[in-house]
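Trainee: predicted model follows, preceded by the sequence.
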Amino acid sequence: MKAAKIQQPNKLETLEIPIPQPADDELLIQVMASGICGTDIHIFRGEYLGSYPVIPGHEFSGVVVAVGQAVKRFKPGDRVAVEPNIACDNCYNCLNNRQNFCLNWQAVGVTRPGGMAQYVTSPEKACFDIGDLPFEEGAFMEPLSCVLHGMQRLGAELAGKIAILGAGPIGCLLLQVARLQGAAHITVTDKNHSRAEASLAFGADRICFKLDELPKDHFDAVIDATGALPVLTRTHEFSRPGGKILWFGVPPSGQSMPIEPFTVFRKGLTILSSYTSVRNSIQALDLLKSKRVLTANLVSHQLPLQELQKGIESIERGEPGVMKVLIKPNM
């Protein structure tokens, strides 16, 4: 089969390797759609988790082609999406329902081969039936599950005023979930004009192209969907006294930023972060299947496997019109 492998930071190759064989508790999946995530880019650039060499890709869906002898819920031909985080279910954190902080954590596309390949194996417990959901939409199960976890942590107030900083695919998912949770007014900002304008179709009430256009001390909740340090360091400026801030975007590891603790203290702010998800995949699929969260218009490009690096670089450059880039390994 063909697989895209990050050999080391900044070195990506498309190789011919053997098709993996599923273990007793695993499925072998033919990958039909695999989304490029910011985490994949961080791994490619050596800025985040990931062991090398690694086949990336943790947002994907496909068709089951074989199952291990202990598998009970799936059969060949089933259509599935994969929750990439694999917890041991037996450490202190797992036993306290903090599986996203599993002490023996593994992840498809991070510590084990992922969906940027024609075939991939995954434990049965990490697979979810997508029914007749299009593969392109099923690939959004994982990012949407992370969004749901983050929004549950935020606990935004009913009829609140929310600012979302960043209008990429994650920003637009956050926007839709915020609307479902009862936000009264949502402002979205992004320096990429095409992305900011795209958010209007997903329910944004107002868009801005610069942080300086946002009112200070105004919003009940401020959500960062960029992970960019120059943006993160300003989030407290826009929150009202007593408001909440959610740092959702993935920042680069090993870097710090200036922030004035007295301002956080004086305004009585709550600053939250959100790491992956905890049992949110079923919720994500239900929202996708019911069309309460829409993703079709978030996909801007569908590329073959050998163009993975091209897709990564187009996202990094912030090219006009680029939103979610899907890789089709079996195109």
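Mentor: That came through, no problem. Every value quoted in this text rests on a predicted model; they were computed, and no experiment measured them. Residues are numbered from 1 along each chain as shown.
Trainee: and the helices in this protein?
Mentor: 38-44, 92-95, 135-138, 141-154, 169-180, 193-198, 229-232, 235-238, 261-267, 281-289, 308-317 (DSSP state H).
Trainee: looking at those helices, which is closest to residue 255?
Mentor: Distance to residue 255, taken as Cβ to Cβ, is lowest for helix 229-232 among the helices of the chain, at 6.3 Å. Backbone N, C-alpha and C define where each C-beta goes, glycine included.
Trainee: the closest one - what's its average pLDDT?
Mentor: In this model, helix 229-232 has a mean pLDDT of 97.
Trainee: give me the distance from that helix to the chain's centre.
Mentor: How far helix 229-232 lies from its chain's middle: 19 Å, per Cα atoms, centre = their mean, to the nearest Å.
Trainee: show residues contacting it.
Mentor: 165, 166, 211, 224, 226, 247, 249, 251, 252, 255, 257 (Cβ atoms under 8 Å, 6 or more residues apart in numbering).
Trainee: cutoff 10 Å now
Mentor: Contacting residues not belonging to helix 229-232 are listed as 165-166, 189, 191, 211, 224-226, 245, 247, 249, 251-252, 255-259, 271 [Cβ atoms under 10 Å, 6 or more residues apart in numbering].
Trainee: the stretch 51-200 of the chain: strands as residue ranges?
Mentor: Counting by DSSP state E, counting those that start in this stretch, the stretch 51-200 of the chain has strands at residues 59-67, 79-82, 85-86, 106-107, 119-123, 127-129, 161-165, 185-189.
Trainee: and the second one, how far from the chain's centre?
Mentor: Centroid separation for strand 79-82 versus its chain: 16 Å, with Cα atoms, centre = their mean.
Trainee: I'd like to know how far the residue nearest to residue 191 when sequence neighbours are not counted sits from residue 164.
Mentor: Leaving aside its chain neighbours, residue 191 sits nearest to residue 209 (5.9 Å; criterion: Cβ to Cβ, 6 or more residues apart in numbering). To residue 164, residue 209 is 14 Å away according to Cβ to Cβ, to the nearest Å.
Trainee: find residues that contact each of those two.
Mentor: In contact with both residue 209 and residue 164: 189, 190, using Cβ under 10 Å, 6+ apart.
Trainee: comparing these two, which shows the higher neighbour count?
Mentor: residue 164 (28 against 15; other Cβ atoms under 10 Å).
Trainee: which residues touch that one?
Mentor: So residue 164 contacts 170-172, 174-175, 178, 183, 186-190, 199, 204, 219, 221-226, 246, 248 (Cβ under 10 Å, 6+ apart).
Trainee: how about 7 Å then?
Mentor: Going by Cβ atoms under 7 Å, 6 or more residues apart in numbering, residue 164 touches 171, 174, 175, 186, 188, 223, 225.
Trainee: show the pLDDT at it.
Mentor: Reported pLDDT for residue 164: 98.
Trainee: which strand residues bridge it?
Mentor: Beta-bridge partners for residue 164, by DSSP bridges, are residue 188, residue 223.
Trainee: who is the closest residue to residue 331 other than its chain neighbours paired with across the strands?
Mentor: In this structure, residue 331 finds its nearest non-sequential neighbour in residue 304, 4.5 Å apart by Cβ to Cβ, 6+ apart. Listed by DSSP bridges, the beta-bridge partners for residue 304 are residue 328.
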